[in-house]
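Engineer: Sequence and predicted structure, then a few things I'm wondering about:
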Amino acid sequence: MESNLKVIELQELMNNYYQQSDFKKLLFVVNQLLIKDPNNSEYLTYKLKALEHLGKATESIQFLQHYVNMCSTDVTGFLLLYKACLEREDIAGAIFSLIYALSIDANDEVCLSLLFDLLQKADSKYKRVKINILTTKRIGHLAMEIEPHTRQLQTQEDDCLYLFLSANNKTANQYLYGLLKDMAFVIEDQFWFNFYATRPMLLDNFFFAEFPYDLNSITRGVESKDVSEKGYRNLISIYRDNLSNTVIPTNDIQLGWELLNDYGITKNDKLVCLHVRDSAYLSGMFPSVDFSYHDYRDAKIESYRAAIEYLLEQGYKVIRIGNTTNQSLALDHGHYFDFCINPHKEHAEFLEVFLISQCDFLIGTMSGPIGISAMFDTPSLLVNVVPFNHPYLKYSRFIPKQLFHKNTKVNFMNVCNGLSLDNNPEVSILNVSQQQELTDNHYAYLDNRSDDIFRAVVEFSSLVKDRQFDVTYTPAQQTYVSNLPDQYIFKTCPSIVCDSFLQQYPEIFNQNKL
């Protein structure tokens with residue numbers, strides 16, 4: 001029998017059966033070859049031909065997916081996959097199939113006509129379609145992909161259908177993910193997600209839905225520095241000029257207050273959310289990846305004690321949020337809650353999003369939760385900010401970690417002007433994101449002192465009333481903004497350094513002490 005033949009003998013039979021148009025025997029033989037070599041593109045092509053002639057080409061969608069994976073520049077495979085998806089009423093899959101067919105041959109009139117018909121059936125306003133994949137494992141990236149994209153589009157007439165692919169595994173916050181699915185078309189499809197991820201350049205630029213801050217552009221050949229610079233400029237303008245379009249459903253709002261009521265927290269309370277970045281989340285979420293190069297962004301919760309105690313004295317309830325942590329604050333007070341150490345067993349992720357959406361303001365670091373804060377335009381004070389990047393949030397102030405070079409304070413205005421590393425004059429300190437690179441060039445960041453954080457919190461709390469933030473700049477802040485170089489990417493950002501920090505350290509901002 002053919003199953004006992006050697007590969008070269010099976011190949012000879014395969015060619016003979018094809019020439020004889022005996023597609024039933026061809027299918028049997030090629031299946032034997034595929035057992036031995038399942039990813040062989042030649043064998044897969046012969047199997048596809050056999051199935052087509054036998055009228056069975058769309059019977060197995062798994063085979064067609066495997067075929068286009070191995071023969072990804074064959075338009076025929078995508079057309080057959082399109083038909084198979086339609087037969088299963090998978091409209092999104094049919095659209096993706098045609099997108100990739102047209103990425104191979106942009107002038108294929110059959111595919112163009114089929115795609116246009118599909119879009120018209122979805123909604124007559126659609127004339128084109130664009131796709132991208134979501135970053136779901138990091139809460140900050142998850143928050144700043146779809147939301148600013150839809151916020152930007154809400155005031156524009158657009159004839160484009162945007163589809164976002166998700167593998168929906170290890171989602172950083174499932175509730176936040178659900179909110180995003182309510183505001184955009186998110187397609188959960190492991191095959192198409194992996195297909196794009198393994199060959200991003202195959203997708204034609206015409207069909208690529210670029211996010212305002214698009215990390216996926218790096219896999220499409222864009223330099224990470226350019227992605228960062230363009231991304232921050234986009235986010236600053238989007239959050240500065242557009243209103244929030246994120247809505248928590250009424251039933252969820254009711255649930256949120258019911259859950260918090262069990263802790264003695266009500267909607268009439270003055271609430272402050274606190275998030276202090278440490279290494280526990282990344283090391284737990286990605287145990288096989290060394291994220292220690294990010295450790296210089298961490299902070300010590302003990303340095304927040306004086307500020308927290310001040311807020312408690314002022315009648316606030318302070319709620320620490322976060323997925324996990326490797327540090328705690330020994331503070332015995334009925335109005336201090338640590339949901340990071342003692343999360344709600346069932347609704348921890350929901351409560352984190354809900355609290356950020358409802359609190360008077362957030363105190364955080366440059367980490368994931370500020371993305372949620374940005375979505376709801378929640379006033380936010382960021383401390384221990386590093387590198388020297390202004391937060392892109394609409395209503396925000398910040399204080400940075402001070403930077404030292406060989407025990408000498410570095411002037412931040414020099415950093416804004418492009419101060420470069422000692423050993424690499426082509427690399428600006430502003431663009432350095434790895435601790436080791438700083439260390440190798442004799443640079444080190446110093447955490448904010450407890451009194452720096454205290455003064456910033458006192459100042460910021462005076463600017464917030466009923467979640468409304470006073471955006472007025474002080475004279476010192478006006479001077480600070482005017483001193484920023486025009487080419488500095490954060491020049492137009494409404495989030496600037498706290499007045500108290502400018503007054504305390506005028507020498508690193510080119511200011512005279514006022």
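Structural biologist: The structure has been received and is ready for your questions. Note that the structure is predicted; figures quoted are calculated from it, not measured. Numbers count the residues shown, from 1 in each chain.
Engineer: Any regions of the stretch 401-514 of the chain where pLDDT drops low?
Structural biologist: In the predicted model, the stretch 401-514 of the chain carries pLDDT under 70 at residues 512-514.
Engineer: Apologies, that question was intended for the stretch 201-350 of the chain.
Structural biologist: Applying pLDDT under 70 to the stretch 201-350 of the chain flags the ranges 279-296.
Engineer: For it, which segments are assigned as helices?
Structural biologist: Counting by DSSP state H, counting those that start in this stretch, the stretch 201-350 of the chain has these helices, from start to end: 224-241, 250-261, 280-285, 305-313, 348-358.
Engineer: Let me know which of those is tucked in deepest.
Structural biologist: Across the helices of the stretch 201-350 of the chain, averaging neighbours per residue (mean count of other C-beta atoms under 10 Å) puts helix 348-358 on top, at a mean of 23. C-beta: built from backbone N, CA, C; applies to glycine.
Engineer: Could you find the closest non-adjacent residue to the most centrally placed residue in the chain?
Structural biologist: Closest to where the C-alpha atoms of the chain average out (C-alpha atoms, centre = their mean) is H141, at 1.8 Å. Ranked by C-beta to C-beta, 6 or more residues apart in numbering and with sequence neighbours excluded, the top spatial neighbour of H141 is T135, at 4.0 Å.
Engineer: Measure how buried F501 is and give me the count.
Structural biologist: 25 (other C-beta atoms under 10 Å).
Engineer: Enumerate every residue touching the spatially closest residue to it that is not a sequence neighbour.
Structural biologist: Once flanking residues are discounted, F501 sits nearest to I399: 4.3 Å by C-beta to C-beta, 6+ apart. Neighbouring residues of I399 by C-beta atoms under 8 Å, 6 or more residues apart in numbering: 382-385, 448, 452-453, 456, 497-498, 500-501.
Engineer: Looks to me like I399 is in a strand.
Structural biologist: Yes: assessed with DSSP: H, G, I helix; E, B strand; the rest coil, I399 lies in a strand.
Engineer: how near is it to I253?
Structural biologist: 33 Å (C-beta to C-beta, to the nearest Å).
Engineer: Domain-wise, how is the chain divided?
Structural biologist: 127-247, 250-508 (automatic domain parsing).
Engineer: In JSON lines: those, plus distance to S60.
Structural biologist: Shown next, in JSON lines, are those (distance: least, C-beta to C-beta, whole Å):
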{"stretch": "domain 127-247", "distance to S60": "13"}
{"stretch": "domain 250-508", "distance to S60": "34"}
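Engineer: Nearest approach to D90 belongs to which of these?
Structural biologist: Nearest to D90 among the domains of the chain is domain 127-247; the distance by C-beta to C-beta comes to 8.6 Å.
Engineer: For that closest one, what is the distance to the chain centroid?
Structural biologist: Centroid displacement of domain 127-247 relative to its chain, using C-alpha atoms, centre = their mean, to the nearest Å, is 8 Å.
Engineer: end to end, how far does it reach?
Structural biologist: End-to-end span of domain 127-247 (C-alpha to C-alpha, to the nearest Å): 28 Å.
Engineer: Which strands and helices lie in contact with the regular element (helix or strand) spanning the residue nearest to the centre of the chain?
Structural biologist: Following DSSP states H and E, one finds H141 within helix 139-143. Applying 3 or more C-beta pairs under 8 Å, 6 or more residues apart in numbering; DSSP states H and E, we find helix 139-143 packed against helix 174-183, helix 369-375.
Engineer: one step back: isn't the residue nearest to H141 right next to M144, touching?
Structural biologist: No: the criterion here is C-beta atoms under 8 Å, and T135 misses it with M144 at 9.2 Å.
Engineer: So which of those two has more stuff around it?
Structural biologist: M144 (29 against 19).
Engineer: Return the per-residue confidence for that one.
Structural biologist: M144 carries a pLDDT value of 93.
Engineer: Could you report the distance from it to T150?
Structural biologist: Distance from M144 to T150, by C-beta to C-beta: 12 Å.
Engineer: Same check on Q11?
Structural biologist: Q11 is 53 Å from T150, where distance means C-beta to C-beta.
Engineer: and what of S224?
Structural biologist: In terms of C-beta to C-beta, S224 sits 25 Å off from T150.
Engineer: picking up where we left off before, so is the residue nearest to H141 in a helix, a strand, or just coil?
Structural biologist: Reduced to three states by three-state DSSP, T135 is coil.
Engineer: gap between stretch 434-447 and the chain center?
Structural biologist: With C-alpha atoms, centre = their mean, you get 26 Å for stretch 434-447.
Engineer: Alright, I will stop here.
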